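Chemist: can you look at this prediction? I've put the sequence above it.
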Amino acid sequence: MGNEHILEIKSISKLFGGLAALEEVSFEVTGGEIKAVIGPNGAGKTTLFDVLTGIIKPTSGRVMLKERSIIGLRPDQITAMGMIRTFQTIQLFEGMTVLENAMVGCHSRTNSGFMSTSLRLPSARREEKRIQEEAMAVLEDVGLETRALETGTNLPYGQQRMLELARALASEPDILLLDEPAAGLNQYETDELSSLLSRFRQRGLTILIVEHDMGLVMQISDEVVVLDYGEVIARGTPEVVQNDPRVIEAYLGIEAD
Amino acid sequence: MDRKLEKGRSSGRGDYRTLLIVAAFIFLVPAWSRMIPGEVLHMDIVNVMVFAGIYACVVIGLNLLVGYGGQISLGHAAFFGIGAYTTAILCTRFAWFPTWLGALSGVLLAGLIGWLVGVPVLRLKGNYLAMATLGLGEIAFILFTQLKGLTGGTIGIPQGLNVSVSEIPPLSVFGFKFDSDIKFFFLAWAIVMLLMLLNINIIRSRVGRGLRALHSSEIAADAMGVNTSRYKTQVFVLSAMFAALGGALFAHFQRYINPESFVFSVSILFITMVVVGGMGNLWGGIVGVIVLTFLPSVIQAMPQWIPGIPASLTNFSNYSLVLYGLLLIVFMMFMPQGIAAGLSRASAFTGRRAKRLRDRIQARKYEGH
């Protein structure tokens, strides 16, 4: 991706009954950057992700992914367009091995169906082999290759998070949405995650991250967007945002002069 | 990719081997069952096995839907019936109608109806889907009973119809007639093995992973790019077609049909077979089918084996539903993965497989590090 906007969020609002979970939220994500969305609990961060990935429809507003509107598309269609997410609460597939979990991640860019797989047509077998190799490659990327044949949900918590990341990467996305990837990780694991994300960025992956761990956010993000009560209250480089009086107020709940 | 991992992954290859073993065991049933004298056995094993094979077609598909895809159906007797009635009607109305084409028509019609019903119904989840499919089964049963001109009403086919033939013709392919128990036994189980082969191929593929993902978490499956609504419809259609194939075999084996064979309790029987055998277990369907198809014969043979058992206990149909219900409760509570999972756990416990797995992982750890 070049430097143009890979993702444009234009005046997104989402009302749940009378409650505005998101109100006229607008910002852009530039190709190749790591952008963070922060904000106190209930600020609308996960709702924003749900809108972006097609799980819920916004009340109004537009979302453009690579200059195409994605409002009204199904989640799997959006994933196929090159934007994939991870979940705040780990959502690994039960009963599947680590490798199989990662292989599901290849779904959006493969296409053998009931007919070709049930008959084991050459096309399906070739594709299966390719899926396996590519899934193994992403496991190596996050350091899970030695656990490939274990059941995913039996991994320690930190590695489960890494597996979710690997599964998303297996779709070869242009933009990766991470919903609190450091939640529940210890300091060592968080550092590892941080260097991993920097490495992905160097390869040209664009990342939009929702995170509570301020250390991580300040360390890796190019720009930070701050949400409070569903509205964007500040945006800018980590340093600028950190010193913004409105941000301090939102987090600490005190009047700033 | 390195060889070690490839071998490790191909648990699929193990399944094909198991399929061969299962096939060999089953196809030898007629041979060894003849060695046991009838006064000991008190049942016609080959005949019961034919019915088991017929039901296995239904249950393999249903296991794919329920066990792997996580979508319940309490109405699969409807598709079983559609398969049976379609071929029965065609082959008794038109004496020239090829029986295999009748069976194929039933399968295709069931697929079409499965699609028409599945698209709206599979938007429902859990209890609501259960209720909707239950309704489907009831509607089908009422149609089988009430469309008298077509189905012969409660009397059935062919006696309830004004046709020249006195029974549904036996299945015949290229002039070969499957007109005895033993011939039909081999036909039915060859078909079962073929369906199992398709089943294994599907499970060990992208599609199988998609189904299991959808079962585990629909939201996560969606987000990973799995078109969940399409998968649900497709697996529903496939299971409907498998069920109809079983139904067509049923009609041509029994030579007559009436709505009694497609009542609600038959749908429950199918689900019980899936649960008892093992939901989401490759071999669960076959295990559940064999156990539950033999159950009535075993119970009826009881007084001969153990003198003094009151005859009322041996009238299976009196309490079959109670027993299925009990089995469902007991298995759900104490053995939710069914008999087949227990069997495969036992075989894995011999440890060889586990050891090989450990060795492979160990070997991989040292490689490239």
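Modeler: Received the coordinates, thanks. What you see is a predicted model; the values in this text were computed from it and never measured.
Chemist: CA atoms for contacts and neighbours, from now on please.
Modeler: Noted.
Chemist: residues in the stretch 51-200 of chain A within reach of chain B, list them.
Modeler: A:53, A:55, A:75-80, A:84-85, A:91-94, A:100, A:103-105, A:107-108, A:112-114, A:117-120, A:128, A:133, A:146-147, A:149, A:167-168, A:171 (C-alpha under 8 Å from any C-alpha of the partner chain).
Chemist: now the buried members of those.
Modeler: A:53, A:55, A:75-80, A:84-85, A:91-94, A:100, A:103-105, A:107-108, A:112-114, A:117-118, A:120, A:128, A:133, A:146-147, A:149, A:167-168, A:171 (16 or more other C-alpha atoms under 10 Å in any protein chain shown).
Chemist: just the ones of those in helices?
Modeler: A:75-80, A:100, A:103-104, A:114, A:117-118, A:128, A:133, A:167-168 (DSSP state H).
Chemist: which helix or strand in chain A has the lowest average pLDDT?
Modeler: helix A:245-252 (a mean of 83; mean pLDDT, DSSP states H and E).
Chemist: what packs against it?
Modeler: For helix A:245-252, the elements it packs on are strand A:231-236, judged by 3 or more C-alpha pairs under 8 Å, 6 or more residues apart in numbering or on different chains; DSSP states H and E.
Chemist: other residues contacting the strand it packs on?
Modeler: A:22-26, A:43, A:223-227, A:241, A:244, A:246-247 (C-alpha atoms under 8 Å, 6 or more residues apart in numbering or on different chains).
Chemist: residue in chain A with the shortest distance to chain B?
Modeler: Distance from chain B to each residue of chain A (C-alpha to the nearest C-alpha) is smallest for A:Asp76, at 3.8 Å.
Chemist: now the nearest residue in space to that residue that is not next to it in sequence: which helix or strand?
Modeler: Leaving out its chain neighbours, the residue that sits closest to A:Asp76 by C-alpha to C-alpha, 6 or more residues apart in numbering or on different chains is B:Gly225, at 3.8 Å. Assigned by DSSP states H and E, B:Gly225 belongs to no helix or strand.
Chemist: ok, B:Gly225 touching A:Gly82?
Modeler: No: counting by C-alpha atoms under 8 Å, B:Gly225 stays clear of A:Gly82, with 10.0 Å between them.
Chemist: which one of the two has more residues nearby?
Modeler: B:Gly225 (29 against 18; other C-alpha atoms under 10 Å in any protein chain shown).
Chemist: contacting residues for that one?
Modeler: Taking C-alpha under 8 Å, 6+ apart as the test, what B:Gly225 contacts is A:Pro75, A:Asp76, A:Gln77, A:Ile78, A:Thr79, A:Ala80, A:Gly105, A:His107, A:Ser108.
Chemist: how about 10 Å then?
Modeler: A:74-84, A:104-110, A:168, A:171, B:210 (C-alpha atoms under 10 Å, 6 or more residues apart in numbering or on different chains).
Chemist: shared neighbours of B:Gly225 and A:Gly82, anything?
Modeler: A:Ser108, A:Arg109, A:Ser171.
Chemist: format those residues as TSV; extra columns: pLDDT.
Modeler: Shown next, in TSV, are the shared contacts of B:Gly225 and A:Gly82 (pLDDT from 0 to 100):
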residue	pLDDT
A:Ser108	92
A:Arg109	92
A:Ser171	95
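Chemist: nearest to B:Cys57, of these?
Modeler: A:Ser108 (31.5 Å; C-alpha to C-alpha).
Chemist: return the residues in contact with that closest one.
Modeler: A:76-82, A:84, A:170-173, B:222-227.
Chemist: could you rerun that using 6 Å?
Modeler: A:Ala80, B:Gly225 (C-alpha atoms under 6 Å, 6 or more residues apart in numbering or on different chains).
Chemist: what's the helix or strand for A:Asp191?
Modeler: With DSSP H and E as criterion, A:Asp191 is part of helix A:187-202.
Chemist: okay, now the unreliable bits of the stretch 251-369 of chain B?
Modeler: Residue ranges of the stretch 251-369 of chain B with pLDDT under 70: B:347-355, B:357, B:365-369.
Chemist: middle-most residue in chain B, spatially?
Modeler: Centroid check for chain B by C-alpha atoms, centre = their mean gives B:Val59 as the closest residue, at 1.8 Å.
Chemist: what's the nearest residue to it once chain neighbours are set aside in contact with, if anything?
Modeler: Spatial nearest neighbour of B:Val59, excluding adjacent residues (C-alpha to C-alpha, 6+ apart): B:Gly285 at 5.4 Å. For B:Gly285, the contact set (C-alpha under 6 Å, 6+ apart) comprises B:Val59, B:Ile60, B:Val274, B:Gly277.
Chemist: closest to chain A out of those residues?
Modeler: Nearest member of the contacts of B:Gly285 to chain A, counting by C-alpha to the nearest C-alpha, is B:Ile60, at 13.7 Å.
Chemist: my read is the closest one is in a helix, agree?
Modeler: Yes: the assignment for B:Ile60 is a helix, going by DSSP: H, G, I helix; E, B strand; the rest coil.
Chemist: now the residue of the stretch 201-350 of chain B found nearest chain A: phi and psi?
Modeler: Nearest to chain A, among the residues of the stretch 201-350 of chain B, is B:Gly225, at 3.8 Å (C-alpha to the nearest C-alpha). Phi and psi for B:Gly225, reported as degrees, to the nearest 10, are phi 100, psi 10.
Chemist: and the gap between it and A:Leu177?
Modeler: Note on B:Gly225: its distance to A:Leu177, by C-alpha to C-alpha, to the nearest Å, is 14 Å.
Chemist: ok, A:Met214 - how many residues close by?
Modeler: Count around A:Met214 with other C-alpha under 10 Å applied: 11.
Chemist: which residue is nearest the centroid of chain A?
Modeler: Most central in chain A (C-alpha atoms, centre = their mean) works out to A:Leu177, at 1.7 Å.
Chemist: those strands in chain A, which residues are they?
Modeler: A:5-16, A:19-30, A:34-38, A:60-65, A:68-69, A:83-85, A:175-179, A:206-210, A:223-228, A:231-236 (DSSP state E).
Chemist: out of those, deepest packed?
Modeler: strand A:83-85 (a mean of 29; mean count of other C-alpha atoms under 10 Å in any protein chain shown).
Chemist: in space, what's closest to B:Gln304 - neighbours in sequence excluded?
Modeler: Using C-alpha to C-alpha, 6+ apart and skipping the chain neighbours, the partner closest in space to B:Gln304 is B:His42 (7.4 Å).
Chemist: count the neighbours of the one you found for me.
Modeler: 16.
Chemist: then A:Arg199?
Modeler: Neighbour number of A:Arg199 under other C-alpha under 10 Å is 12.
Chemist: now swap in A:Gly215 and tell me
Modeler: 12.
Chemist: how much space between it and A:Glu192?
Modeler: A:Gly215 is 13 Å from A:Glu192, by C-alpha to C-alpha.
Chemist: one more: B:Ala341?
Modeler: Applying C-alpha to C-alpha to B:Ala341 and A:Glu192 gives a distance of 39 Å.
Chemist: which one's more surrounded, these two?
Modeler: B:Ala341 (20 against 15).
Chemist: secondary structure element holding the more buried one?
Modeler: Using DSSP H and E, B:Ala341 falls in helix B:338-348.
Chemist: does any bit of that helix sit next to chain A?
Modeler: No: judged by C-alpha under 6 Å from any C-alpha of the partner chain, helix B:338-348 and chain A are separated, with a smallest distance of 13.0 Å.
Chemist: other SSEs contacting that helix?
Modeler: The contact analysis (3 or more C-alpha pairs under 6 Å, 6 or more residues apart in numbering or on different chains; DSSP states H and E) places helix B:338-348 against helix B:264-277.
Chemist: can you list contacts of the helix it packs on?
Modeler: Contacts of helix B:264-277 (C-alpha under 6 Å, 6+ apart): B:63, B:74-77, B:284-285, B:287-289, B:328, B:338-340.
Chemist: any chance of the residues you listed in CSV, plus secondary structure?
Modeler: Formatted as CSV, these follow (three-state DSSP):
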residue, secondary structure
B:Asn63, helix
B:Leu74, coil
B:Gly75, coil
B:His76, helix
B:Ala77, helix
B:Gly284, helix
B:Gly285, helix
B:Val287, helix
B:Gly288, helix
B:Val289, helix
B:Leu328, helix
B:Gly338, helix
B:Ile339, helix
B:Ala340, helix
